[in-house]
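Asker: pasting a predicted model and its sequence here:
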Amino acid sequence: MNITVIDHPLVQHKLTIMRKKNTCSAEFRKLLKEITLLMGYEVTRDLQLEEFEIETPLEKTAGKRITGKKLGIVPILRAGFGMVDAMLELVPSARVGVVGMYRDPKTFKPVEYYCKLPDIHNRQFILLDPMLATGGSSVAAIQMLKDRGAKNIKFLCLVAAPQGVELVNREHPDVQIYTAGLDRDLDENNYILPGLGDAGDRIFGTK
Ligand code: PRP
Ligand code: URA
């Protein structure tokens, strides 16, 4: 499987607290933001830099700034929304697109309801969704980006099931997946095991 598991101790510690069923929504949201900040450090590792001249109080020197492909952050609604602030703290100049998608509770197939993206040209996209379960939602969201011309896409999630990773790898082998946890399986309702439950409900306090 083509996936990067970010096993930094801080990430694993925070993920474990998120998994616990008694962790409240406020704590869950806070931890999601903190983990996204930590994972964002890894997912942005290959952003291109260019040198330019600056002046310190002592002398002129070469500084570095992010250049090349501009960054686009795209949360899959709803749950991906909980990861946006952290990415924007890391890269304040990033543009934000939105993909609206939910999983039909009976068929488990993704239902698309919204897509608004920034200018695609020469932009690197990071798609955000805490949960990669069957992979249906992320495969469809990646396809929505590609249909609009996006060529450089990474996918950042919190917890992934092997089935979802395999589907994304098969349908979009060019998309690198980053996760904090590669879990065991899916249950009969296609929830991730052991997982953390319904991410959207836990972030927004619904249900
Ligand atoms: C969840 C999650 C993913 C999707 C993953 O969203 O945030 O988008 O399910 O499942 P999949 O890999 O099997 O497609 P959900 O459909 O619950 O929508 P919500 O975020 O609006 O609650
Ligand atoms: N969506 C979630 O929020 N959690 C799961 O375990 C699977 C899909």
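Answerer: That came through fine. Numbers count the residues shown, from 1 in each chain. Ligands and ions are numbered 1, 2, ... in the order given.
Asker: where does pLDDT dip in the chain?
Answerer: When the per-residue scores of the chain are filtered using pLDDT under 70, the ranges that remain are 68.
Asker: got the residues of it near ligand 2?
Answerer: Near ligand 2, the residues belonging to the chain are 131, 133, 191, 192, 195, 198, 199, 200 when assessed by Cβ under 6 Å from any ligand atom. Any C-beta I mention is one placed from the backbone N, CA and C, and that applies to glycine too.
Asker: the second one contacts residue 185, correct?
Answerer: The reference is to residue 133. No. Under the criterion of Cβ atoms under 8 Å, residue 133 is not in contact with residue 185, lying 10.3 Å apart.
Asker: and residue 65, backbone torsions?
Answerer: Backbone torsions of residue 65, given as degrees, to the nearest 10, read phi -140, psi 160.
Asker: okay, now it: neighbour count?
Answerer: When neighbours are defined as other Cβ atoms under 10 Å, residue 65 has 10 of them.
Asker: show the contacting residues for it.
Answerer: When contacts are counted by Cβ atoms under 8 Å, 6 or more residues apart in numbering, residue 65 touches 49, 50, 52.
Asker: name the residues linked to it by a beta bridge.
Answerer: Each beta-bridge partner of residue 65 is listed here: residue 50, as defined by DSSP bridges.
Asker: gap between it and residue 10?
Answerer: Summarising the geometry, the distance separating residue 65 from residue 10, computed by Cβ to Cβ, to the nearest Å, is 27 Å.
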